[in-house]
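Trainee: model the following, please.
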Amino acid sequence: MHGPDYRVELADLAAHRFRVTLTLAHPAAEQDFSLPVWIPGSYLVREFSKHLSRLSACQGERELPVEQLDKASWRVRCTGAEALVLSYEVYAFDASVRTAWLDSQRAFFNASSLCLRAHGRESEPHRLTLAAVPDGWQVATEMRVQGDGFEAADYDELLDHPFEIGPHWQGEFQAAGVPHRIVVAGAWPSFDGERLLADVQRICEAQIALWGGAPFARYSFLLWAVDDGHGGLEHRASTALICARRELPTAAEPATPGDNYMRLLGLFSHEYFHAWNVKRLRPAEFATFDYQRENYTELLWFFEGFTSYYDELVLLRAGLVDAPRYLKLLAASVNSVLAAPGRCVQPLSAASFEAWTKYYRPDENSPNTTSNYYAQGALVALCLDLSLRTRGAGLDALMRQLWHRSEGGPVSEADILAGVRGLAGDEVAAQLHAWVHGTHELPLRELLAAHGVAWREDGRQTVAQRLGLRVRESALTGIQVSHVLSGGAAEAGGVNARDEVLGCNGWRLRRLDDAPSLLAAGDTRMRLLVSRDQRLVELTVELPPPRNAAVALALAEGPPAARLGWPAA
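Mentor: Down below sits the predicted model:
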């Protein structure tokens, strides 16, 4: 049976509107349709249907009524076996990798934002053609070309191939014999594409070596460079990426990547690793997707956190950073986790399960009550890797074992623990369970020391850190409190998030770090004047003494830390 056929027209670039025509041969007598409310890999209900309008249906010359069943579902009652044709428009002006975009410079979409699901026909081949593409624009996707359009084996595959359309730059390379492509839209004229190709090739080759082969015949990186932005979304044979233009390499980029370019390479590494770890090796709960509601799992600490561990480790193995630079990156992750009291409140398993309501919807209290399954999950991966290495194994061996035993498919937490138990025994498996389901501090210092990495406190606290605050400072907005951390002096003194700090001890305050200069010798009481909802409020806050606030990591003197597996996998 011929499956759903979508015609996606770039109808109005100025108004940012796609026009979609869906033709369904042999519809059911009561044919239901729905648009996903979320996209796999981004765990938030995003309500894509809010941008759909002008939905109409017909069979031949007969117009048919369309009944809306809920926020993202519709029903059409058909007569006979004649093809059913649906037409609708989709507004596309979301500057992200998750939805759709259309303007005079570029078009981009994930089918989850544009293509209605025809209920009962999901397993049939789905065809998509493009219309009204401006002259000179190129189309980049890994969906299979079929005639004058593209074809996916089923609805799941249709949603797993983003489209990048426009006058973009692109280059190709081979990694372990597999063709790869990088597509870049919005780059500066000074962009050094050959440098990016060469460096990403090294990342891909290192990861293919780690896993023992590539699970795809081709792969595309679809990158959009903007004034300010950063992120990515993984797909089975491609990834959609967004970065700030300052992250792109230019001819002036040093031989060792600078911090901005390093951040971009880490993003490439992270999303590419997902081609194995989450797109194929995935939570057992994700064996099939329900696109109309939240899909829960407690395993994001593994699929996102362990991927976050490898994204920077692969840069080391690929020779893009040396060991001291890698340890600096690792220390930044340690410091970000230690700065959030929520790590001692919410277990990583709960953080994974509650991602839908907490991680993707942060507020001023989030650091106090939530853990980060990306950064903290990466530190669990580090602890597990070091623990396995003391027993002659390593995390690489676990990842490959899970991959082969599941045949690149769904796994459960029990599968992960069984793999750890087989490599290192019950004690390490029990430790992993405790790290994921408990809230005790990770044994980072001890494990790193055992592998030749010295841990030391480095750097004095800022006044904000001493008070337990996070603030935004600028000449225009002054000192704005964004977060008040649990157990800190600011919380005890009554400071609120969204307060504007105006003065201290009778003096105008423009930088919070200037506050100690306004205290008399031996005085630790800060009499703060804050603006709160247009009211001036006076508060007294006790300023704690400064202490070292950050962790620094370095290779210890003595034998090299060969057991860390640096640089080879």
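
Trainee: quick one: T297 and F353 touch, right?
Mentor: Yes: using C-beta atoms under 8 Å, T297 is in contact with F353, at 6.9 Å. To be clear about C-beta, it is placed using only N, CA and C from the backbone, and glycine gets the same treatment.

Trainee: C-terminal to the helix or strand containing A225, which secondary structure element comes first?
Mentor: For A225, the element it lies in under DSSP states H and E is strand 219-226. For strand 219-226, the succeeding helix or strand toward the C-terminus, using DSSP H and E, is strand 230-234.

Trainee: pairing partners for that next one, with directions?
Mentor: strand 238-244 (antiparallel) (DSSP bridges).

Trainee: what's the longest helix in the chain?
Mentor: helix 193-211 (DSSP state H).

Trainee: in that one, what counts as buried?
Mentor: The neighbour-count check on helix 193-211 (16 or more other C-beta atoms under 10 Å) flags 195-197, 199-211 as buried.

Trainee: please apply the same query to stretch 527-535.
Mentor: 527-531.

Trainee: contacts only, for the residue lying closest to A552 once chain neighbours are set aside.
Mentor: In space, and not counting its chain neighbours, A552 is closest to D458: 3.7 Å by C-beta to C-beta, 6 or more residues apart in numbering. D458 sits next to 548, 550-552 when contact means C-beta atoms under 8 Å, 6 or more residues apart in numbering.

Trainee: ok, so of those, who is nearest V436?
Mentor: V436 has its nearest neighbour among the contacts of D458 in V551, at 22.0 Å by C-beta to C-beta.

Trainee: correct me, but V551 touches V337?
Mentor: No: counting by C-beta under 8 Å, V551 does not reach V337; the two are 9.9 Å apart.

Trainee: roughly how far does P167 sit from A15?
Mentor: Separation of P167 from A15 (C-beta to C-beta, to the nearest Å): 20 Å.

Trainee: how about the helices in the stretch 301-450 of the chain?
Mentor: Using DSSP state H, counting those that start in this stretch, the helices assigned to the stretch 301-450 of the chain run over residues 307-317, 323-338, 348-353, 366-369, 375-389, 395-405, 413-424, 426-437, 444-450.

Trainee: and the ones you listed as TSV, adding mean pLDDT and mean neighbour count?
Mentor: Formatted as TSV, the helices of the stretch 301-450 of the chain follow (pLDDT from 0 to 100; neighbours: other C-beta atoms under 10 Å):
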stretch	mean pLDDT	mean neighbour count
helix 307-317	97	24
helix 323-338	95	18
helix 348-353	98	23
helix 366-369	97	18
helix 375-389	97	24
helix 395-405	97	19
helix 413-424	98	18
helix 426-437	98	17
helix 444-450	94	17
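
Trainee: could the ones you listed go into TSV alongside distance to P134?
Mentor: Converted to TSV, those look like this (distance: least, C-beta to C-beta, whole Å):
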stretch	distance to P134
helix 307-317	36
helix 323-338	41
helix 348-353	43
helix 366-369	43
helix 375-389	42
helix 395-405	43
helix 413-424	48
helix 426-437	50
helix 444-450	53
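
Trainee: of all those helices, which lies closest to E157?
Mentor: Closest approach to E157 among the helices of the stretch 301-450 of the chain (C-beta to C-beta): helix 395-405, 20.9 Å.

Trainee: check which helices and strands that closest one sits against.
Mentor: helix 193-211, helix 375-389, helix 413-424 (3 or more C-beta pairs under 8 Å, 6 or more residues apart in numbering; DSSP states H and E).

Trainee: now the ones you listed in CSV, with distance to V453?
Mentor: Output for the helices and strands packed on helix 395-405, formatted as CSV (distance: least, C-beta to C-beta, whole Å):
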stretch, distance to V453
helix 193-211, 21
helix 375-389, 9
helix 413-424, 20
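
Trainee: among those helices, which is nearest V481?
Mentor: Among the helices and strands packed on helix 395-405, if distance is taken as C-beta to C-beta, the winner is helix 375-389, at 23.0 Å.

Trainee: tilt between that closest one and helix 395-405?
Mentor: Orientation note: helix 375-389 sits at an angle of 100 degrees relative to helix 395-405 (axes from the mean of the first three to the mean of the last three C-alpha atoms, to 10 degrees).

Trainee: in stretch 11-18, what counts as buried?
Mentor: Under 16+ other C-beta under 10 Å, the buried positions of stretch 11-18 are 11, 16-18.

Trainee: and stretch 12-21, C-alpha only, in CSV?
Mentor: The C-alpha trace of stretch 12-21 is given here as CSV (Å, rounded to 0.1, in the frame of the first residue of the first chain):
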residue,chain,number,x,y,z
ASP,A,12,6.1,32.5,2.3
LEU,A,13,9.6,33.3,3.3
ALA,A,14,8.7,36.7,4.6
ALA,A,15,5.9,35.4,6.8
HIS,A,16,7.9,32.3,7.8
ARG,A,17,5.2,29.9,6.6
PHE,A,18,5.5,26.4,5.2
ARG,A,19,2.5,25.0,3.4
VAL,A,20,2.1,21.2,3.7
THR,A,21,-0.1,19.0,1.6
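
Trainee: so what touches it?
Mentor: Residues contacting stretch 12-21 (C-beta under 8 Å, 6+ apart): 6-11, 85-93, 100-104, 109, 114-116, 134.

Trainee: mind checking which of those are in strands?
Mentor: Here DSSP state E is the test, and these give 6-11, 85-91, 100-102, 109 as lying in strands.

Trainee: just the buried residues of those residues.
Mentor: Using 16+ other C-beta under 10 Å as the threshold, 6-11, 85-91, 100-102, 109 are the buried ones among these.

Trainee: residues near the closest residue to F303 other than its chain neighbours, how many?
Mentor: Excluding its sequence neighbours, the residue lying closest to F303 (C-beta to C-beta, 6+ apart) is V278, at 4.3 Å. Burial of V278 is recorded as 21 neighbouring residues (other C-beta atoms under 10 Å).
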